[in-house]
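# Give me a 3D structure for the following:
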Amino acid sequence: MKWTTVAWVLPLLALLTCSTAAEEPMNVLLLIVDDLNTWQLGDPNRYTGKVVAPNIRRLAESGVEFRRAYAASPVCCPSRTAFLSGVRPWQSGLYDNGLSSADSAALKGATPLPRVFKNAGYLTASYGKVAHGWDMRKVWDEYMPHRRDPAPPRAPFLPFARGEQDWGLTHLAEEKMNDTKYADAAIAQLQKKHDRPFFVACGLFHPHMPWYVPQKYFDLFPAEAVMLPPLREIDLDDVPPRGQAITKGKSKFVDQVIKGNVHTQGVRAYVAATAYADAQIGRVLDALVQSDYRDNTVVVFMSDHGFHLGEKHHWQKSTLWEEATHCNLVVRVPGTTQPKGVCERFVSLQDVYPTLMELCRLKPPAAVEGRSLAPLLKDPAAAWESTAVTAFGDRYVTLRTEKFRYIRYREGEEELYDHSNDPHEWTNQIKNEDYAADLVILRSKVPALKDMAPKLRSGRRIGDD
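Numbers count the residues shown, from 1 in each chain. The predicted structure is shown next:
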């Protein structure tokens, strides 16, 4: 279905001016994109090259775009488990992929977000990569598990490819790709006649690696016009040993990418995969606008965390720096949000659960952590304590405020960056006495090491990967 200005704008005007009757329950459309960084937000400190994401941008301009949203974890499984359970990583002990969530007492007692909706009489449906590592299959009335597309016959294309770290043209027709099928399933659900409210979640795998996408998406980005993110060769020199250790698994790959003169190719493949994901998001949003549910459906668009493409000598996610923790969040609520709302307050994906509870007039479980974003949906400039906490590794933690990023590892290893003059986090100020008073405050705002749940043991991966 082709996205056109008429198809989007005219129904959208009706959507934004229509208030929902008080007694009518709100539907929810939750859209999750994997490994999507914030380049399409237009932040010149992150990236100044071309990004093609018109459908994400149009959605953002129709509701409230949270430009300072942060994940509770910079990794798929703990991030998704945190915002779907309402349990933060330092409460569950789930800090990384490949850990046994079944061993977490906090998660055993948690109520999955869609379970609350199902108990309230909603139809619940999950298509693609929504949950990860936390088994939620029983809470869905309809469930399409995530499966990766098969690799092209000649893959890997990179001579030094390691596992999923590869890119190139897919051999599949676009309609045969799994993310297209997840969008198809969500569209089919929106086209049905429902006699009860619904909670529909659609999770796309792209731009998670490997980046195998059709030629037409590569064609959007001529190689000679692709720009690289800003890098600093000595970026890790002032990072403590535990921080440097985080990058070791990917630093060799970064070296090979740069020395092999394929960094531009890699960035091109990433933005091509992003454009493919955006096209599928657009198809789903188009179906909503043309459905019977456009006037009473809350739309939440998000990524599960960010992504590095060489910054801090790192590739992919799994760090506590800006590139991996900063994520996308857009919320549109008929009758509440106004078009082109931009919120610069610092929020967490942990706030999504309580927000949906308030918007849909449901009672959240007592254990759910986070703050409802409802005040910011009504007034994006409303007063708000702008802090966001992210945890990773063995109880490593970072705090992001309007001015600072503070990171605490173990045994006194720390980092401090002043974003007012160092948006790239190139200079660690932890030893600068000028920030001593600020450090006292920042240290007090992160959970104490003794209060953080120990890291769970390794276990069998359950659910989508």
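# Now name the helix or strand holding A201.
Per DSSP states H and E: A201 is located in strand 198-204.
# so what does that strand touch, helix or strand wise?
The helices and strands touching strand 198-204, judged by 3 or more C-beta pairs under 8 Å, 6 or more residues apart in numbering; DSSP states H and E, are strand 27-33, helix 113-119, strand 123-128, helix 178-191, helix 263-289. For glycine as for every other residue, the C-beta is placed from the backbone atoms N, C-alpha and C.
# can you list these in a markdown table and add mean neighbour count, mean pLDDT and distance to H146?
Shown next, in a markdown table, are the helices and strands packed on strand 198-204 (neighbours: other C-beta atoms under 10 Å; pLDDT from 0 to 100; distance: least, C-beta to C-beta, whole Å):
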| stretch | mean neighbour count | mean pLDDT | distance to H146 |
| --- | --- | --- | --- |
| strand 27-33 | 25 | 98 | 11 |
| helix 113-119 | 21 | 98 | 16 |
| strand 123-128 | 24 | 98 | 5 |
| helix 178-191 | 21 | 98 | 7 |
| helix 263-289 | 24 | 98 | 14 |
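# what's the next secondary structure element after the strand holding A201?
strand 211-213.
# Can you list the strands that that following strand pairs with?
The pairing partners recorded for strand 211-213 under DSSP bridges are strand 167-169 (parallel).
# picking up where we left off before, what average pLDDT does the strand holding A201 get?
Here strand 198-204 scores 98 as its mean pLDDT.
# Report the angle between that strand and strand 123-128.
Relative orientation of strand 198-204 versus strand 123-128 (axes from the mean of the first three to the mean of the last three C-alpha atoms, to 10 degrees): 0 degrees.
# one step back: which stretch among the helices and strands packed on strand 198-204 comes nearest H206?
helix 263-289 (4.4 Å; C-beta to C-beta).
# Can you list the strands that whichever helix or strand comes after that closest one pairs with?
On the C-terminal side of helix 263-289, the closest following helix or strand by DSSP H and E is strand 297-303. Using DSSP bridges, strand 297-303 pairs in its sheet with strand 27-33 (parallel), strand 329-332 (antiparallel).
# Make CSV from the ones you listed and add distance to G370 to it.
Output for the strands paired with strand 297-303, formatted as CSV (distance: least, C-beta to C-beta, whole Å):
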stretch, distance to G370
strand 27-33, 15
strand 329-332, 12
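# Could you work out which of these reaches nearest to A71?
strand 329-332 (9.7 Å).
# Distance from that closest one to the middle of the chain?
Relative to its chain's centre, strand 329-332 lies at 12 Å (C-alpha atoms, centre = their mean, to the nearest Å).
# Report the rounded mean pLDDT for it.
In this model, strand 329-332 has a mean pLDDT of 98.
# for F83, helix, strand, or coil?
Classification of F83 by DSSP: H, G, I helix; E, B strand; the rest coil places it in helix.
# Return the distance of the residue nearest to it when sequence neighbours are not counted relative to A53.
Nearest residue to F83, sequence neighbours excluded (C-beta to C-beta, 6 or more residues apart in numbering): L349, at 4.4 Å. L349 is 19 Å from A53, where distance means C-beta to C-beta, to the nearest Å.
# Ok, N45 next?
Using C-beta to C-beta, N45 is found at 18 Å from A53.
# Compare the two (neighbour count), which wins?
A53 (23 against 13; other C-beta atoms under 10 Å).
# The more buried one contacts Q40, doesn't it?
Yes. Contact criterion C-beta atoms under 8 Å: A53 and Q40 qualify, at 4.0 Å.
# shared neighbours, those two?
Here A53 and Q40 share the contacting residues 274, 278, scored by C-beta atoms under 8 Å, 6 or more residues apart in numbering.
# State the distance from the residue nearest the centre of the chain to G412.
Among the residues of the chain, the one closest to the centroid is S303, at 1.9 Å (C-alpha atoms, centre = their mean). Applying C-beta to C-beta, the value for S303 to G412 is 33 Å.
# next one: P375
The spacing between P375 and G412, counted by C-beta to C-beta, is 38 Å.
# would you list every one of the strands in the stretch 301-450 of the chain?
For the stretch 301-450 of the chain, the strands defined by DSSP state E, counting those that start in this stretch cover 308-309, 315-316, 326-327, 329-332, 341-343, 347-348, 387-392, 396-401, 404-408, 414-418.
# on that earlier part again, need the helices and strands packed on strand 198-204 in CSV with distance to A437, can you?
Below are these laid out as CSV (distance: least, C-beta to C-beta, whole Å):
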stretch, distance to A437
strand 27-33, 40
helix 113-119, 39
strand 123-128, 47
helix 178-191, 48
helix 263-289, 40
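# nearest to P210, of those?
That would be helix 263-289 among the helices and strands packed on strand 198-204, by C-beta to C-beta, at 8.7 Å.
# Could you check the angle that closest one makes with strand 198-204?
Interaxial angle of helix 263-289 relative to strand 198-204 (the same axes, to 10 degrees): 160 degrees.
# now the angle between helix 178-191 and helix 263-289, please.
For helix 263-289 against helix 178-191, the angle between stretch directions is 10 degrees (the same axes, to 10 degrees).
# Use 16 as the first number from now on
Sure thing, new numbering starts at 16, so read that last one as helix 278-304.
# what's around A260, how many residues?
Around A260 there are 12 residues (other C-beta under 10 Å).
# for it, helix, strand, or coil?
helix.
# before we move on, what about the one 3 residues further on?
Classification of K263 into helix, strand or coil gives helix, according to three-state DSSP.
# Please settle this for me: is H161 part of a helix?
No. Using three-state DSSP, the secondary structure at H161 is coil, not a helix.
# per-residue confidence for it?
H161 carries a pLDDT value of 96.
# again with T340
You'll see T340 listed with a pLDDT of 98.
# what about the nearest residue to it once chain neighbours are set aside, neighbour count?
Once flanking residues are discounted, T340 sits nearest to T405: 4.6 Å by C-beta to C-beta, 6+ apart. Applying other C-beta under 10 Å, we find 34 other residues in the vicinity of T405.
# T405 touches T413, doesn't it?
Yes. At 5.0 Å, T405 counts as touching T413 under the criterion of C-beta under 8 Å.
# joint contacts of the two?
335, 340.
# Return the set of buried residues in stretch 366-374.
366-372, 374 (16 or more other C-beta atoms under 10 Å).
# just curious, which of the residues you listed is nearest to A468?
Nearest to A468 among the buried residues of stretch 366-374, counting by C-beta to C-beta, is Y368 at 18.8 Å.
# residue contacts, the closest one?
Y368 makes contact with 98-101, 128, 379, 383, 385, according to C-beta under 8 Å, 6+ apart.
# Which single one of those is nearest to M192?
Nearest to M192 among these, counting by C-beta to C-beta, is L99 at 24.8 Å.
# Give me the distance between that closest one and P93.
According to C-beta to C-beta, L99 and P93 sit 11 Å apart.
# what do you get for L454?
With the distance defined as C-beta to C-beta, L454 ends up 27 Å from P93.
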